[in-house]
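**Q** After the sequence you'll find the predicted model.
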Amino acid sequence: MRFGVVRFPGSCDEVDALLAARLVGEAEILWHGDTDLKGVDAVIVPGGFSYGDYLRVGAIARFAPVMGEVERFARHGGLVLGICNGFQVLCEAGLLPGALLPNTSLRFVCRQVDLEVVNADIPWTRACSAGERLSIPAKHTTGRYYAPDPVLDEMEANDQVVLRYAPGSSFNGSARDIAGVCNAAGNVLGLMPHPEHAVDVLTGSVDGLKLIGAAA
Amino acid sequence: MARHRELGLTDAEYELIVVKLEREPNEVELAVFSLMWSEHCGYKHSRRLLRTLPTEGPKLILGPGENAGAVAIGDGLACAFKVESHNHPSAVEPFQGAATGVGGILRDVFAIGARPIAILDSLRFGEVAGSPRSRYLLEHAVAGIGHYGNSIGVATVGGEIYFEGPYEQNCLINAMCVGLIETDKLIRSAAAGVGNVVVLFGARTGRDGIGGASVLASAELGDADADKRPTVQIGDPFEEKKLLECSLELLDEGLLVALQDLGAAGLTSSSAEMAAKGEVGIDLDVRRVPLREADMEPFEIMISESQERMLCVVEPERVTAVLAVCDKWEVNATAIGEVTGSGRLRVFDDGDLVGDLPVGALVDECPAYDLEPAPPAIPIYPPPPRVLGEGLDAGATLLALLGSANLASRRWAFEQYDCIVGSRTVRRPGQSDAAVLRLDGGGALAVSIDGNGRRVAVDPYRGAVEAVLECSANLACAGAEPLGLTNCLNFGNPEKPHIAWQLTRAVAGLGDACRALGVPVVGGNVSLYNEGGGGPIYPTPVVGMVGELPDPARAGRLGFAQEGDVVALIAAGWSPAAAGSELAKLRGEALEGELPAAELGELRALHAAVRQGVRSGALRSAHDVAEGGLAVALAECSLAGGLGASIDFGAPAGEALLFGEGPGAFVVSAAREALARFGSAARVVGTVGGDALRIEGVLDVPVAELARVHAGGLADLLR
């Protein structure tokens, strides 16, 4: 399994994602200006503040040359994981439904949270079981998941709500405590918490490996 | 007023400039001199004192004088670190002041080629309870630090915040950065090679921060500080993120002769210092500098403090390659000058010579003044306001302390910082007395930052000694041995004898403590003139310390870990007293009395014993007894572990034992048999377990109640 990790100017967690992916497979960086995915089997769009995120989060990165290829890859069923800023970028790119709004506190919050696996049947969650709890850190200012209620109803009906914050864990005001969603086909997953920061007991938890490793 | 006085130079200094130049300076030259000879750049009042600090050690690689210091950490690696202040800008505009403070210290570390891995902050504000201004400063400074550190992807792993009246007008924002580098890749800032090209890269130069070093950082704050807002720089962490990656790639490819960041006094100090260190000259043409505003005057371009800029020296044949790397990272880069053999900093404006300055006079011949210290005849500081009622029992006193602004949970602040990016953070804020970051080769670093201005105000010498001891004790609790120390000396106006006395005594204390512990000072920063209408700040030497431990899996924790473990006190020469304590503050007692003396040799051995106990795995928790005293330390162990404890000191504990302060004691927990190695140094005082903290005959408080008060103490004030 070969992972490609996209690096935009302003990406912050791309090296963490690279190191995490290397625990379960091979991994390399995909430069934002390239239009070649180097034949990787899965793409991770990492966390950070792409292009400074001074406009709307993810709004500029979505137009990076590499993203055209990522979109093509995703629409052909390629595995794509968007983490935090990557989730925001995938929403902006239209690969995932909904949008991320500023936390209700309007503050950056960094906290270990418990997630509940809602859909354990997509490639990224197949190592988990439905209802399982994962301890993974979240850290963001703009992580309040939003979609209109009819869209949310449809997503739930289609099993596109993949991860929820466990009771007491949501700090951002997300609709229906949603932490991660997938596209209709299930090959593209976006989530605000950082599984790449939960891959080693030394640094807190290994639960994130269940998501990243499932794809491998 | 004469122009030179407006720029902060004395008449005597102006006359000296005329002698050095052998003529009157023009406007560009006067601007350059005023900055280079400011306290901020020239250390006029502190240079002689700083020379007394110990700067040698077996692990030392880079001492004071470079952008950051560095110590060896094995495997051919060095750890670079430095602390710096950004006090006055933050008092005027806290969000940008704090943000650019972080940006500046990050640049200092990557200017020597190191990749920043951690940020720590030491913050001081007035009392938040009664002061909307202090709440505003706190909220915006914390947000600014988070904005910059989070956006650039460097973990903010630790720090401290204290609230005291004398910081009301003049808050302190000290930021420390820690970085890693392969030792043989360290780069100096000395310009070299006549004919080599000087390249400026990074953000465009604008009018922001004009005169920051001389106007803001080297004079007392007054009522008209709102007018000084244009002298505060605006930070752009995205630009710095690109600059960081670009700089490290340039160094990785071996393309640079020398590298220097642009900080205080911008192009002026960076070019002059590079030339001075290399004993060469530099010619610059300001018209080649990419500008935000086209009509900037040469002196404005020379002194602008626009952020996110670096200056490098490049061999002519490598300029194309340097520009290509900058282009890849979408970073502006422009050749603006060259290295000469003239020993002069010559400034051109589109080819016309507009300034011609001897580099030696600018940097090495900046006047140094002897301080005229004299102990104050009357107390400098009024007693803090009394906030604690009469007749409280020990339990109520403990709760009052835990909920007080200085001791309450810092979670509100540290949750606004990304403490995990970089995948190194083994101990996050609140898990151990020091932050712990693992290294790729197997070991780990522990870092801590500390300083208690109120105690330094009571006794500048012993208070400063305690700041060093506190850092060393924090490291011991994580299992780390100190490698080096950086300090930021935040004081009032040194031209006043009583401030000079505080500064002199504090530096003596720092030096003695460092010598006794065998820890070299690798560099630091001085922030003087921290005075507003209400008088001087508390004398606040802030100490940052880096240590190493062999096994990150055994990094110490502060919280009680297991029911049934015994609780012990490991102490040496510990004689806690009320003077300068948090309890004395809450009771509104004057800043007087005697801080306990520290027997430094004994404490060094004590710290080593605790360190070994943590490293061996014998101690399941370790926490040093500091602000609030023993009762607060016990409560903190309970809170961090979520476990109660039953403590019995054998006799009813008095107030000095419970709430007195002084160096030399640790609260540890362990299996009973594991304590044997400590012999009589470890005094078993109780057992971990239950859902309350009980001290026999004194107090019995549910852990949930401790947690409620501790969690709410600061957060409720800010709601």
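**A** All right, it came through fine. Residues are numbered from 1 along each chain as shown, chains lettered A, B, ... in the order given.
**Q** what ranges do the strands span in the stretch 251-400 of chain B?
**A** For the stretch 251-400 of chain B, the strands defined by DSSP state E, counting those that start in this stretch occupy B:258-261, B:281-285, B:309-314, B:333-340, B:344-349, B:352-358.
**Q** neighbouring contacts of the fifth one?
**A** If I follow you right, that is strand B:344-349. Strand B:344-349 is contacted by residues B:28, B:32, B:271-272, B:275, B:281-287, B:298, B:302, B:340, B:353-359, B:362 when judged by CB atoms under 8 Å, 6 or more residues apart in numbering or on different chains. Just so you know, the C-beta spots here come from the backbone N, C-alpha and C atoms, and that holds for glycine as well.
**Q** try the first one
**A** With contact meaning CB under 8 Å, 6+ apart, strand B:258-261 is reached by B:67, B:104, B:107-108, B:110-113, B:187-192, B:247, B:250-251, B:270, B:273-274, B:278, B:309-313.
**Q** Figure out how far it is from the centre of its chain.
**A** 22 Å (CA atoms, centre = their mean, to the nearest Å).
**Q** Now residue B:711: closest residue in space, sequence neighbours ignored.
**A** Distance criterion CB to CB, 6 or more residues apart in numbering or on different chains; nearest residue to residue B:711, sequence neighbours excluded, is residue B:409 at 5.1 Å.
**Q** Give me the distance between residue B:144 and residue B:52.
**A** According to CB to CB, to the nearest Å, residue B:144 and residue B:52 sit 34 Å apart.
**Q** what does the stretch 1-150 of chain B have sitting close to chain A?
**A** Applying CB under 8 Å from any CB of the partner chain, we find that the stretch 1-150 of chain B lies next to chain A at B:143, B:146-147, B:150.
**Q** Filter those residues down to the buried ones, ChimeraX style.
**A** If you want just the buried ones from the residues of the stretch 1-150 of chain B next to chain A in ChimeraX, going by 16 or more other CB atoms under 10 Å in any protein chain shown, the selection is:
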select /B:143,146,147,150
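**Q** closest to residue B:416 among the residues of the stretch 1-150 of chain B next to chain A?
**A** Nearest to residue B:416 among those: residue B:146, at 4.3 Å, using CB to CB.
**Q** what's the closest one in contact with, if anything?
**A** Per CB under 8 Å, 6+ apart, neighbours of residue B:146: A:108, B:156, B:416-418.
**Q** So it, which state does it fall into?
**A** helix (DSSP: H, G, I helix; E, B strand; the rest coil).
**Q** what do you get for residue B:107?
**A** Assignment for residue B:107 (three-state DSSP): helix.
**Q** count of residues packed around it?
**A** Neighbourhood size, residue B:107 [other CB atoms under 10 Å in any protein chain shown]: 26.
**Q** so where's the stretch 1-150 of chain B uncertain?
**A** In the predicted model of the stretch 1-150 of chain B, residues B:1 satisfy pLDDT under 70.
**Q** Just give the closest residue to residue A:173, not the sequence neighbours.
**A** Sequence neighbours aside, residue A:104 is the residue nearest to residue A:173 in space, at 3.5 Å (criterion: CB to CB, 6+ apart).
**Q** Okay, that neighbour and residue A:47: tell me how far apart.
**A** Residue A:104 sits 20 Å away from residue A:47, going by CB to CB.
**Q** the more surrounded of those two?
**A** More crowded of residue A:104 and residue A:47, by other CB under 10 Å: residue A:47, with 29 against 12.
**Q** coming back round to it: return the most buried member of the strands of the stretch 251-400 of chain B.
**A** strand B:309-314 (a mean of 27; mean count of other CB atoms under 10 Å in any protein chain shown).
**Q** Please produce JSON lines containing the residues of the stretch 1-150 of chain B next to chain A, extended by distance to residue A:145.
**A** Shown next, in JSON lines, are the residues of the stretch 1-150 of chain B next to chain A (distance: CB to CB, whole Å):
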{"residue": "B:143", "distance to residue A:145": "23"}
{"residue": "B:146", "distance to residue A:145": "22"}
{"residue": "B:147", "distance to residue A:145": "23"}
{"residue": "B:150", "distance to residue A:145": "20"}
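**Q** Between the residues of the stretch 1-150 of chain B next to chain A, which sits nearest residue B:568?
**A** residue B:146 (38.1 Å).
**Q** quick revisit: is it possible to get TSV of the strands of the stretch 251-400 of chain B that adds mean pLDDT?
**A** Output for these, formatted as TSV (pLDDT from 0 to 100):
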stretch	mean pLDDT
strand B:258-261	95
strand B:281-285	97
strand B:309-314	96
strand B:333-340	97
strand B:344-349	96
strand B:352-358	95
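**Q** Okay, and the most centrally placed residue in chain B sits in which element?
**A** Nearest to the geometric centre of chain B sits residue B:83, at 3.6 Å (CA atoms, centre = their mean). In the assignment (DSSP states H and E), residue B:83 maps to strand B:77-85.
**Q** Does anything pack onto the next helix or strand after that strand? Which helices or strands?
**A** Using DSSP H and E, the helix or strand that follows strand B:77-85 in sequence is helix B:87-92. For helix B:87-92, the elements it packs on are helix B:94-110, helix B:132-152, strand B:172-182, judged by 3 or more CB pairs under 8 Å, 6 or more residues apart in numbering or on different chains; DSSP states H and E.
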